[in-house]
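J.: give me coordinates for this.
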Amino acid sequence: MLLAIDVGNTQIKLAVFEQNNIKIQKIVSLSSWKIEVQNILDFNDLIDNIIVSSVGNIYENEFKNITSKAKLNFITANSKFPFINSYTTPSTLGADRMVLAAGATLLFPNKNRLVIDAGTCVTYDFVDSDNVFHGGAISPGIKLRYESLHNYTAKLPLLSPEYPDEIIGNSTLQSIHSGIINGIIFEIDGFISSITDNNDNFIIILTGGDAEFLAKRLKNTIFANPNFLLESLNQTFQYNQND
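T.: Numbering: from 1, shown residues only. Predicted coordinates:
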């Protein structure tokens with residue numbers, strides 16, 4: 001069995017896989033992750049491998065001290081992936097983006113793939129049908145946009161995400177919701193249209209914590225899967241085992 005760990009900027013997602021089936025799944029805080037991981041390992045003796053993707057401030061050495069029973073597989077730029085990386089600065093490419101690209105490549109062969117991860121940041125990653133990773137884009141996520149408006153202005157309040165009533169907000173609160181939510185939806189739809197206009201045979205994958213919230217409003221046809229990064233970690237591990 002495999003324990004997959006996705007270390008994000010604000011939280012950690014855990015999943016125990018038996019082949020392609022998720023047996024246990026949790027979302028934990030950055031402060032309690034060691035206890036949660038240890039509990040999973042203590043009560044699941046069949047876990048013999050751990051795979052970790054980290055974009056947060058938790059590093060490989062912190063995982064090495066948790067257990068000696070399971071082999072640690074920590075994703076880095078030097079890990080093996082099923083695509084050709086044409087990114088000009090591969091050492092700066094986030095582990096999450098590499099794993100998502102790997103999952104898209106393995107799960108959707110012979111297609112052009114665009115993976116959109118809507119979390120703390122919104123990342124866009126394009127892998128073509130020849131399995132070449134070209135790169136993508138990074139922009140602020142929904143929460144960051146609300147926080148930025150509040151933190152960098154004198155009077156705008158901090159709001160929780162909410163679908164706006166209309167495209168034209170009739171109050172300051174509705175104007176904020178419209179600007180942020182419609183803005184990010186227009187961004188995603190525009191990015192999808194720009195890429196797909198020049199490429200056919202496409203699969204669009206939307207994942208991340210805000211995937212379900214956004215999927216209902218996007219006009220483009222997408223495959224929404226909030227667990228795609230965890231599933232891609234499992235696929236990446238299997239790819240390395242079989243390589």
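
J.: in the protein, which helix or strand is least confident?
T.: Of all helical and strand segments in the chain, the minimum by mean pLDDT, DSSP states H and E falls on helix 60-64, at a mean of 80.

J.: next SSE downstream of it?
T.: strand 71-74 (DSSP states H and E).

J.: so what are the sheet partners of that next one and their directions?
T.: On the basis of DSSP bridges, the sheet neighbours of strand 71-74 come out as strand 49-54 (parallel).

J.: quick check: mean pLDDT across the partner strand?
T.: Model confidence over strand 49-54 averages 93 on the pLDDT scale.

J.: how about it: buried residues?
T.: 50-54 (16 or more other Cβ atoms under 10 Å). All C-beta atoms are positioned from the backbone trio N, CA, C, and that covers glycine.

J.: cool, stretch 150-163 as well?
T.: So, applying 16+ other Cβ under 10 Å, buried residues of stretch 150-163: residue 156.

J.: keeping just the C-alphas, turn that stretch into CSV.
T.: The C-alpha trace of stretch 150-163 is given here as CSV (Å, rounded to 0.1, in the frame of the first residue of the first chain):
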residue,chain,number,x,y,z
HIS,A,150,-8.5,43.7,2.0
ASN,A,151,-4.8,43.9,2.9
TYR,A,152,-3.8,46.4,0.3
THR,A,153,-6.7,48.9,0.6
ALA,A,154,-7.8,51.1,3.4
LYS,A,155,-11.5,50.2,3.5
LEU,A,156,-12.4,47.1,1.6
PRO,A,157,-13.6,44.3,3.9
LEU,A,158,-12.3,40.7,3.9
LEU,A,159,-15.1,38.5,2.5
SER,A,160,-15.6,34.8,2.1
PRO,A,161,-16.0,33.5,-1.5
GLU,A,162,-19.5,33.8,-2.8
TYR,A,163,-21.1,33.6,-6.2
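
J.: so how far is that stretch from its chain's centroid?
T.: In terms of Cα atoms, centre = their mean, to the nearest Å, the centre of stretch 150-163 is set 25 Å apart from its chain centre.

J.: how about the helices in this structure?
T.: Along the chain, the stretches classed as helices by DSSP state H are 33-42, 60-64, 95-107, 142-151, 172-177, 183-196, 211-215, 228-242.

J.: what angle separates the third one from helix 228-242?
T.: On the basis of axes from the mean of the first three to the mean of the last three Cα atoms, to 10 degrees, helix 95-107 is oriented at 70 degrees to helix 228-242.

J.: does anything pack onto helix 95-107? Which helices or strands?
T.: strand 49-54, strand 112-118, strand 121-127, strand 132-140, strand 202-207, helix 228-242 (3 or more Cβ pairs under 8 Å, 6 or more residues apart in numbering; DSSP states H and E).
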